[in-house]
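Engineer: Provided below for reference: sequence and predicted model.
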Amino acid sequence: MPDLILPEEHDQRPWQERLEQWIFDNKGTLVVLLVGLILLGFGLFLSRSGVFEGTKVEILEGGQTRLAADSDPRQGQIIVEIAGAVQNPGVYELLASDRVERLLIVAGGLAADANREWVEKNLNRAAKIIDGQKIYIPYVGEAAVAPVSGAEVSGVASSMININTGTASELDSLWGIGPARAQSIIESRPYSSVEELLAKKVIPSNVYERIKDKVAP
């Protein structure tokens with residue numbers, strides 16, 4: 001950086017002229033300082049706005065892939081699996097706040113031979129995913145797992161209705177669960193266990209006893 005040129009001690013000119021002369025003599029240094037301040041401010045803005053946050057893919061034990069978000073660790077992370085008719089089936093690490101749609105995106109989207117009609121009817125893309133969950137997407141012509149009590153499968157490879165991803169119509173099909181309770185179950189998500197239906201006072205104990213073996217978290 002150029003050295004600052006100081007005004008002469010016995011300069012008798014008015015201070016305005018001396019200031020103008022000083023600025024002219026040091027314009028190179030002042031430009032460098034100004035550019036540095038602008039770059040510093042821009043860097044602070046980017047760091048605060050999270051522009052530098054990104055994602056990275058790591059390898060889990062057994063050679064499975066993991067997508068980890070470089071974001072605020074206070075949000076928490078979960079490990080979930082997606083299998084079946086997707087571009088990149090496997091185990092992924094996501095944020096606890098992520099939805100089924102996010103898992104589909106990191107898995108590369110649906111495969112060309114995915115049963116899209118089944119997906120549109122049964123998979124709730126807006127549902128939250130939970131730690132340890134597995135979602136299976138069937139292929140065209142593949143028989144889906146038979147639902148309980150006429151309910152549609154919610155996306156989890158299970159004969160039970162998933163209380164974290166099931167739609168209102170699926171939950172409504174359960175004994176003692178009408179439209180109001182189905183909506184209450186959805187609004188009280190996520191659940192780490194079926195027992196939380198009681199702990200969160202979503203359903204009464206008599207209804208819980210009738211459906212506890214037909215639902216899963």
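Structural biologist: Good, I have the coordinates. Residues are numbered from 1 along each chain as shown.
Engineer: which residue, other than its chain neighbours, is closest to Ala96?
Structural biologist: Nearest non-adjacent residue to Ala96, counting by Cβ to Cβ, 6 or more residues apart in numbering: Gly76, 4.0 Å away. From N, CA and C alone the C-beta is placed, and that goes for glycine too.
Engineer: can you check Ala107 too?
Structural biologist: Val86 (4.4 Å).
Engineer: which parts of the strand or helix carrying Tyr136 are buried?
Structural biologist: Using DSSP states H and E, Tyr136 falls within strand 134-137. Within strand 134-137, the residues scored as buried using 16 or more other Cβ atoms under 10 Å are 135-137.
Engineer: which helix in this protein runs the most residues?
Structural biologist: Of all the segments of type helix in the chain, defined by DSSP state H, the longest one is helix 27-49.
Engineer: domain ranges for this protein?
Structural biologist: 1-52, 53-144, 146-217 (automatic domain parsing).
Engineer: can you add mean pLDDT and give those domains back as a markdown table?
Structural biologist: Output for these, formatted as a markdown table (pLDDT from 0 to 100):
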| stretch | mean pLDDT |
| --- | --- |
| domain 1-52 | 70 |
| domain 53-144 | 78 |
| domain 146-217 | 79 |
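Engineer: tell me which of those is the most buried.
Structural biologist: Mean neighbour count (mean count of other Cβ atoms under 10 Å) peaks for domain 146-217 among the domains of the chain, with a mean of 17.
Engineer: roughly how far does the spatially most central residue of the chain sit from Val80?
Structural biologist: In the chain, the residue lying closest to the centroid (Cα atoms, centre = their mean) is Asp98, at 3.1 Å. Taking Cβ to Cβ, to the nearest Å as the measure, Asp98 falls 9 Å from Val80.
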